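# no sequence for this one, just the structure:
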């Protein structure tokens, strides 16, 4: 996937001329791949299934919508705002007192407000770096299916489903990328962000309703705090407004 992104961006850049400067306002529609990092990512087995040391997801994807507004005459400094939907999934098979198939998913709806610096705003390709403040809203579900019950644990045969109690956290996202102008109205964007999703608002709840479980990312007794971090790669189209030709 990374090689395909690189080849696509090379072809785009090679085919364009130096035609337009960066616009006053840009709307970007994006999608891409999410790589969960420890302790969001993990492998579940008989030893850690009940320790709460990870959320046991493996991979994910993202969909995003972002607005960029230039606040200076040269277009180097831009206010950014928008959001993204991130979906993570994971599945494992392991043995405890019986054989268990484990499936889990976690969704993070992220709203962001930040700033961006463009290094070459008057060129056809404009690399940038940015920093976002993020509000992150969590939901999810797990399913555990006993596929071969033992004689001592037969009551657990079948599928048990639990739902993650909705939770909100605040964090930061640091990233960068490249804006490419096709013409005065449309272009492309390629970028990456490193998300720290739960820097503020962590909590640990000792009880939960039937069929629910808590995010529980705060340290509690022997349970360590969990850092919810992920790396986001995205590619998309940009729509330009207030564009003026280069002189």
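Yep, it's here. As the structure is a prediction and not an experimental result, all values here were calculated from the model.
# C-alpha only now, for contacts and for neighbours.
Noted.
# Figure out the helix or strand that residue 87 lives in.
strand 77-95 (DSSP states H and E).
# Give the other helices and strands that that strand contacts.
strand 25-36, strand 59-70, strand 99-118 (3 or more CA pairs under 8 Å, 6 or more residues apart in numbering; DSSP states H and E).
# Spatially central residue in this protein, please.
For the chain, residue 86 is the residue whose C-alpha lies nearest the centre (CA atoms, centre = their mean; 4.6 Å).
# buried stuff in the strand holding residue 87?
Under the neighbour-count criterion of 16 or more other CA atoms under 10 Å, strand 77-95 has 77-93 buried.
# The helices and strands packed on strand 77-95: which one's closest to residue 183?
strand 25-36 (13.0 Å; CA to CA).
# Can you say which helix or strand has the nearest residue to residue 167 once chain neighbours are set aside in it?
In space, and not counting its chain neighbours, residue 167 is closest to residue 138: 5.2 Å by CA to CA, 6 or more residues apart in numbering. Element membership for residue 138 (DSSP H and E) is strand 125-148.
# Also compute the angle for the following helix or strand past that strand relative to strand 99-118, please.
Per DSSP H and E, the first helix or strand lying C-terminal to strand 125-148 is strand 158-181. Between strand 158-181 and strand 99-118, the angle comes out at 20 degrees (axes from the mean of the first three to the mean of the last three CA atoms, to 10 degrees).
# residue ranges with poor pLDDT in the chain?
Where the chain drops to pLDDT under 70, the residues are 1-22, 50-51, 149-156, 243-247.
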